[in-house]
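In: Fold the following for me, if possible:
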Amino acid sequence: MSGVPLFERLREACAEVSRRARYVRIDDQNLEQLAAILARERPRVPDLDPGRREFGDRDTTVAYVVTLNAINFGSGWFPHLRKHKGQSGYLTIAHGLRERFEKEGAWTASQLMGLQAADCARTFGQDDEGDAGELMALFAKALNELGAFLHREHRARFAGPVEAARGSAAALVEILAAMPFYRDVSIYEGFEVPFYKRGQITCSDLHAAFRGKGLGEFRDLDELTIFADNLVPHTLRMLQVLLMDVELEATIDREEEITPGGEAEIEIRAVALHAVEQIVASCHRRGWKVNAGRIDNLLWSRGQSPEIKARPRHRARCTFY
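Out: Next up is the predicted model:
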């Protein structure tokens, strides 16, 4: 397996998890119905995510995308955040960071190294104690690590790791994995499942923000999988594409946290990823040459709707999503 390209290893691992899964399974009929609708309608992705929009200049844009994705986690803590009106936890953080950049400019790598939890709390309008404070402390640690990484490896330049990847999304994912919070690899029944959610979404966001040019040009962009988090699997569950064990579903509905890296948590992410691979293949058979990243964005946007949000999604406290 060591010679197999990264994204292919991930697809194979998730297919194997799906075959073995005890807590989550795919409803093939509902999956095909969803794929048929998507292939027929070919919906546009709504422009909801500030992480995918450019600033007025190249350096600020790349600094924003890289900085945001360094803290693009915390869904397990989001119920405890003070959110902007009508916004999710992620959108609250993304807009808060964008407002900071618009008013004061990007943090430098040196400034990132010195940030503390209280600085993050002020930036994002959160408490620096309790559950929210716990997340702010993790944000500060992630940003400290990013600053140190940029200083150590890339002459303190945000564009450095992107340039070092030389147009390969897989290479950028592996470069970013030098930072511990990016090492999103789970172990399921003795084999690795290299989700690398935040590394992959960094590539996707750069592509969107730079409109596929310059620092946003990746020759293997179509090889990206979904960015396995808790919202896309939840959307698939609400669409009855993913079916869950009764006890797991009850745990989620009671808004009880599940164990990060546990079998159920891995299965939720992996089976959702495998389901989207099947959706992509079905769309291709119907003549729509869509990729997994596009389907992810469509499902993520669908997940912002009130009817999807009305039902609890799974929560696990980790630094990967």
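
In: Off-centre distance for stretch 128-135?
Out: Centroid separation for stretch 128-135 versus its chain: 22 Å, with CA atoms, centre = their mean, to the nearest Å.

In: in that stretch, what's buried?
Out: By neighbour count on 16 or more other CB atoms under 10 Å, the buried set for stretch 128-135 is 128, 131-135. C-beta: built from backbone N, CA, C; applies to glycine.

In: packing partners for the lowest-mean-pLDDT helix or strand in the chain?
Out: Ranking every helix and strand in the chain by mean pLDDT, DSSP states H and E puts helix 306-309 at the bottom, with a mean of 94. Here helix 306-309 touches helix 231-238, going by 3 or more CB pairs under 8 Å, 6 or more residues apart in numbering; DSSP states H and E.

In: Only the C-alpha atoms, please, for the helix it packs on, written as CSV.
Out: Written as CSV, here are the backbone C-alpha positions of helix 231-238 (Å, rounded to 0.1, in the frame of the first residue of the first chain):
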residue,chain,number,x,y,z
LEU,A,231,-22.0,17.9,8.5
VAL,A,232,-21.7,16.1,5.2
PRO,A,233,-22.4,12.7,6.8
HIS,A,234,-25.3,14.3,8.7
THR,A,235,-26.8,15.7,5.5
LEU,A,236,-26.5,12.2,3.9
ARG,A,237,-28.2,10.8,7.0
MET,A,238,-31.0,13.3,6.7
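
In: Can you list the neighbours in contact with it?
Out: For helix 231-238, the surrounding residues in contact (CB atoms under 8 Å, 6 or more residues apart in numbering) are 75, 226, 242-244, 268-269, 271-272, 275-276, 296, 299-300, 302-303, 307-308, 311, 313-314.

In: Following that helix in sequence, what is the next regular element?
Out: Moving toward the C-terminus from helix 231-238, the next helix or strand (DSSP states H and E) is strand 242-244.

In: ok, which stretches of the stretch 201-321 of the chain are helices?
Out: With helices called from DSSP state H, counting those that start in this stretch, the stretch 201-321 of the chain shows them at 231-238, 246-253, 263-285, 292-302, 306-309.
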